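sequence first, then the predicted structure:
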Amino acid sequence: MAALDLQEQEQLEAFKAWWKENSNQVFAVLLIVLAAIGGWRGWQYYHQKQIIEAATLYEGFFRQLESSDAKRINDAAAAVMEKYSSSAYASRAALQAAKVNEENKDFARARTQLQWAIDHAVEEDLKDVARLRLAAILIDEKKYDDALALLKSPHPASFDGLYSDLRGDVLSAQGKTEEARSAYKLAYEKADKQGAYRNLIEMKLDALGAAK
C-alpha cells in the first residue's frame with residue numbers, strides 16, 4: 001500500500017511539473033478551439049440570416065413580377081442582385097427580370113442581366129440558360145462572332161443540343177451552310193424524338209436544302 005501511495009505521489013509530482021511547464025500552451029489551444037467553435041456558430045447564424053433575408057427580398061421581387069411594371073421589376077431584381085449576389089435567389093431574379101426586358105425589347109438591359117447571371121450564378125445550369133439566352137439576343141443583333149464565342153463555353157452534355165442549335169443559327173446566318181447543317185444535325189440527334197423542338201430543327205435543316 002505504501003508503495004502504491006509512493007507511486008501515486010510520484011505521478012502527481014510529475015503531472016504538476018508537466019502542468020507548470022505546459023499550462024500556458026494548453027490554455028492557448030483551448031482558447032483557439034473555443035474561438036473556432038464560436039466562429040463556426042457565428043458563421044452559421046450569419047449564413048442562415050442571409051438566406052432568410054435574401055428569400056424575403058426575392059419574395060418581394062416575385063410580387064413585382066405580377067405588376068408587369070418593368071421599372072419596379074428591375075429595381076426589385078437589382079436589390080436582390082446587389083445585396084445577396086452570392087445567393088441562388090440573385091441569379092434567378094436576374095434571369096426573370098431579363099425575360100421581362102426581352103419581352104419589352106429592352107435588349108441592352110437584358111444583356112446586362114444575363115451576363116450578370118453568367119458571372120455570378122451559383123448553379124451551373126443557370127449559367128448555361130443565361131448563356132443560351134444571351135447568345136440568342138446576340139444573334140438577333142447580328143453579333144455573330146460574340147455569339148459563337150459564347151457558345152463555345154464548356155457545358156454539360158445535356159445542353160449539347162441547345163448549344164448546337166444556336167451554333168447552327170449563327171453559321172446559317174453567316175452563309176456557312178455545311179457547318180450549319182452539321183450543327184443542326186447534332187441538335188436534331190440530341191432532341192427529344194417526341195418533342196416539337198425536334199420538328200423545328202428539322203425545318204431548319206430542310207431550309208438549308210439538300211447536302212452537297
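Yep, it's here. Residues are numbered from 1 along each chain as shown.

least trustworthy helix or strand in this structure by mean pLDDT?
Least confident helix or strand, the chain: helix 2-65 with a mean of 63, by mean pLDDT, DSSP states H and E.

what is the subsequent helix or strand relative to it?
For helix 2-65, the succeeding helix or strand toward the C-terminus, using DSSP states H and E, is helix 70-83.

and the very next helix or strand once past that following helix, which residues are buried?
Scanning the chain past helix 70-83 towards its C-terminal end, the next helix or strand to appear is helix 88-103 (assignment: DSSP H and E). Judged by neighbour count (16 or more other C-beta atoms under 10 Å), helix 88-103 contains these buried residues: 88-102. Using the backbone N, CA and C atoms, a C-beta is placed for each residue, glycine as well.

what number of residues lie near residue 124?
In terms of burial, residue 124 registers 12 neighbours under the definition other C-beta atoms under 10 Å.

same question for residue 81.
For residue 81, the neighbour count with other C-beta under 10 Å is 21.

can you check residue 197 too?
Neighbouring residues of residue 197 were enumerated by other C-beta under 10 Å; the total is 15.

which residues sit against the one helix or strand it maps to?
Counting by DSSP H and E, the element that carries residue 197 is helix 196-208. In this structure, residues lying in contact with helix 196-208 by C-beta atoms under 8 Å, 6 or more residues apart in numbering are 165, 168-169, 172, 177, 180-181, 184-185, 187-188, 191-192.

switch the cut-off to 6 Å
177, 181, 184, 187-188, 191 (C-beta atoms under 6 Å, 6 or more residues apart in numbering).

same question for stretch 156-171.
Contacts of stretch 156-171 with the rest of the structure, by C-beta under 6 Å, 6+ apart, involve 128, 132, 135, 139, 144, 147-148, 151, 179-180, 183-184, 186-187, 190-191.

redo that, cut-off 7 Å
Surrounding stretch 156-171, the residues in contact under the criterion C-beta atoms under 7 Å, 6 or more residues apart in numbering are 128, 132, 135-136, 139, 144, 147-148, 151, 155, 179-180, 183-184, 186-187, 190-191, 201, 204.

do the same with stretch 100-119
Here stretch 100-119 makes contact (C-beta under 7 Å, 6+ apart) with 70, 73-74, 81, 91, 94-95, 97-98, 126-127, 130-131, 133-134, 137, 141.

what's the mean pLDDT across it?
In this model, stretch 100-119 carries a mean pLDDT of 96.

likewise stretch 165-177?
95.

which of the residues in the strand or helix carrying residue 128 are buried?
Take DSSP H and E as the rule and residue 128 turns out to sit in helix 124-140. When neighbours are counted by 16+ other C-beta under 10 Å, the buried residues of helix 124-140 are found to be 126-139.

now tabulate those residues in JSON lines and tack on distance to residue 117 and pLDDT.
As requested, those are arranged in JSON lines below (distance: C-beta to C-beta, whole Å; pLDDT from 0 to 100):
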{"residue": "126", "distance to residue 117": "6", "pLDDT": "94"}
{"residue": "127", "distance to residue 117": "7", "pLDDT": "95"}
{"residue": "128", "distance to residue 117": "10", "pLDDT": "96"}
{"residue": "129", "distance to residue 117": "8", "pLDDT": "95"}
{"residue": "130", "distance to residue 117": "4", "pLDDT": "96"}
{"residue": "131", "distance to residue 117": "9", "pLDDT": "97"}
{"residue": "132", "distance to residue 117": "11", "pLDDT": "96"}
{"residue": "133", "distance to residue 117": "9", "pLDDT": "97"}
{"residue": "134", "distance to residue 117": "9", "pLDDT": "97"}
{"residue": "135", "distance to residue 117": "13", "pLDDT": "97"}
{"residue": "136", "distance to residue 117": "14", "pLDDT": "96"}
{"residue": "137", "distance to residue 117": "13", "pLDDT": "97"}
{"residue": "138", "distance to residue 117": "15", "pLDDT": "97"}
{"residue": "139", "distance to residue 117": "18", "pLDDT": "96"}
